[in-house]
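>>> Sequence and predicted structure below; questions after.
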Amino acid sequence: MMKYTEKMSNKLNELLEKNYDAEAGYKKAADKVNNQKLKQFFTDQAQHRYDFGHELKSEIRNYGETPDKGTSVKGDMHRAWIDIKTAFSSDNEESILEEVTKGEKAAVEEYNEIISDTTLPPTTQSILTKQRDSIKEAWQSSKNFETIVS
């Protein structure tokens, strides 16, 4: 039974925290918009990120490590979702969507970076690839929504 390197363990926990943050961000976004389709989209994405968090947690545990709990320890949103605060202050569906799109783009890049690590166990790699592809789809959808709300 192999264990993650400390570096890998830290990266996966960071990814876990980012999923917590994205989930919280999406819930907040769903509360802020009036467009029903958009609201549903944000709600679905929040649920996906919640599920991703669970998958990551059990995967981290499978390798004998301890997953981080709850939203980021630092208490504020991570890099990927940081500007969402700006978007919320304007209450504008278009700017909220723009930030979500930016957040998802950053998430995809981060997933790619970890997936490309050759020391990653195959099970972890396949979970991350599946999650990344789902986030990529969300990112595409959010770009499509931009034409609806603008």
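That came through fine.
>>> Tell me the secondary structure of the residue nearest the centre of the chain, please.
For the chain, the residue nearest the mean C-alpha position is residue 19 (3.8 Å; CA atoms, centre = their mean). Following DSSP: H, G, I helix; E, B strand; the rest coil, the label given to residue 19 is helix.
>>> was I right about residue 145 contacting residue 97?
Yes - contact criterion CB atoms under 8 Å: residue 145 and residue 97 qualify, at 5.6 Å. Every residue, glycine included, has its C-beta placed from N, CA and C.
>>> Find the residues that touch each one of these two.
Listed contacts common to residue 145 and residue 97 are residue 38; contacts here mean CB atoms under 8 Å, 6 or more residues apart in numbering.
>>> about what we covered before: the residue nearest to the centre of the chain contacts residue 52, correct?
Yes - Residue 19 sits in contact with residue 52 when judged by CB under 8 Å, with a separation of 4.9 Å.
>>> So what touches stretch 119-131?
Where contact means CB under 8 Å, 6+ apart, the residues beyond stretch 119-131 that reach it are 2, 4-5, 8, 12, 15, 52, 55-56, 59, 62-63, 111, 114-115.
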